[in-house]
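> pasting the structure only:
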């Protein structure tokens, strides 16, 4: 696959280190790019086949920019896999509830049952959700 890994500007050096440390595993290509949620995504077009999100649901003020970026990045055939740790402390449950409520305005989602998770990494508090744009 041809992969683009993204994060904020201040984490690009770490992304490059991770790419370099894992280049022996890569059979396609990997590049690192800055992606700030809520901002222009023109340089990431056409829409990718897959978007993998890991632990992105944690900060209430970031929910709307994150959802805008998802809407702007996805096409009708884009599959989004969202993995996150279900946290029960503080505002986390409310932030998670709000994220999925807002997400369902434009997307359909399917929670992946725990028995379908990789056995080595399976955990009761880790959730995986398959997300697609509504048609």
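Yes, it's here. Every value quoted in this text rests on a predicted model; they were computed, and no experiment measured them. Residues are numbered from 1 along each chain as shown.
> I'd like the distance between the nearest residue to residue 73 once chain neighbours are set aside and residue 84.
Distances taken as CB to CB, 6 or more residues apart in numbering put residue 41 closest to residue 73, at 5.3 Å, once the chain neighbours are dropped. Backbone N, C-alpha and C define where each C-beta goes, glycine included. Relative to residue 84, residue 41 is positioned 21 Å away (criterion: CB to CB, to the nearest Å).
> Kindly report the same for residue 46.
Residue 46 is 27 Å from residue 84, by CB to CB.
> Neighbour count for those two, which is higher?
Legend: neighbour count by other CB atoms under 10 Å for residue 46 and residue 84, higher for residue 84 (19 against 7).
> That one: which element?
According to DSSP states H and E, residue 84 maps onto strand 79-85.
> helices or strands up against that strand?
When contacts are defined as 3 or more CB pairs under 8 Å, 6 or more residues apart in numbering; DSSP states H and E, strand 79-85 packs onto strand 50-54, strand 126-133.
> and among those, the most buried is which?
strand 126-133 (a mean of 16; mean count of other CB atoms under 10 Å).
> now that strand and strand 79-85, what's the angle there?
150 degrees (axes from the mean of the first three to the mean of the last three CA atoms, to 10 degrees).
> Starting from strand 126-133, tell me which strands it pairs with and how they run.
Taking DSSP bridges as the criterion, strand 126-133 sits next to strand 79-85 (antiparallel), strand 107-111 (antiparallel) in its sheet.
> Count the residues that sit near the residue lying closest to residue 47 once chain neighbours are set aside.
Nearest residue to residue 47 in three dimensions, chain neighbours excluded: residue 75, at 3.1 Å (CB to CB, 6+ apart). By other CB under 10 Å, the residues close to residue 75 number 11.
> coming back round to it: so can I have a markdown table of the helices and strands packed on strand 79-85 showing distance to residue 16 and mean pLDDT?
Listed next are those as a markdown table, based on distance: least, CB to CB, whole Å; pLDDT from 0 to 100:
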| stretch | distance to residue 16 | mean pLDDT |
| --- | --- | --- |
| strand 50-54 | 18 | 95 |
| strand 126-133 | 27 | 96 |
